[in-house]
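# could you work out the structure for the sequence below:
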Amino acid sequence: MSRKSRHGNPANADDGFPPLCSTVFEAIQMAFVNEVVSDEDIARYNLPFKPGDGRYWTRDKELDSYLWGGIIQSYAFGYDPEGQFDFYLHGILLRVYLNLGDGSESFKDSPYRVVWKEISHIQPFDLCGLNKQIVFSVLKSALVAYGFDGRENTFAPNHVVSFDF
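Down below sits the predicted model:
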């Protein structure tokens, strides 16, 4: 009997036992998706968008979690690019600032590499009682789905996201 996990990953499935680890990994990695925010969600989460604006976010409906923001670049002031995101998890809204590591510098790179070096700042600092390891784990899953720009990743469709933290 040949078994397949979700998304057709047959890892270990033909060895006579279900591919539990790969299935759990897929569930964590694939739960977040980049999508247009619905008008209902704009109202529900009190988001700063006009209904019908077509804004994107990275969302996990089952976890009731979202990531919204992006990579901010200010070459005029000489600041290094950084990630600035609103991250909603377990009813708590966190503001997360991340430093980029040594990733790709050209969209011609294939795969395009996005490297998150560290979380430089997070508000509120005490995470409102959330477990730090869980917050970081779910945040990393959201950033993997976010990719380069949180949309269709049109500038870098073939990309890899990694973390130094």
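
# need the next SSE after the helix or strand bottoming out on mean pLDDT in the chain, C-terminal direction.
The helix or strand of the chain with the poorest confidence is helix 20-30; it has a mean of 48 (mean pLDDT, DSSP states H and E). Later in the chain than helix 20-30, the nearest helix or strand by DSSP states H and E is strand 33-36.

# and for that next one, what's in contact with it?
Strand 33-36 has contacts (C-beta atoms under 8 Å, 6 or more residues apart in numbering) with 54-60, 145-147, 150-153. For glycine as for every other residue, the C-beta is placed from the backbone atoms N, C-alpha and C.

# list only those of the residues you listed flagged as buried.
Among the contacts of strand 33-36, those classed as buried by 16 or more other C-beta atoms under 10 Å are 56-60, 145-147, 150-151, 153.

# reformat the residues you listed as TSV; add pLDDT, distance to Y97 and secondary structure.
Formatted as TSV, these follow (pLDDT from 0 to 100; distance: C-beta to C-beta, whole Å; DSSP: H, G, I helix; E, B strand; the rest coil):
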residue	pLDDT	distance to Y97	secondary structure
Y56	96	20	strand
W57	97	18	strand
T58	98	17	strand
R59	97	21	strand
D60	98	21	strand
A145	96	19	helix
Y146	96	15	helix
G147	95	19	coil
G150	91	16	coil
R151	87	21	coil
N153	82	22	coil
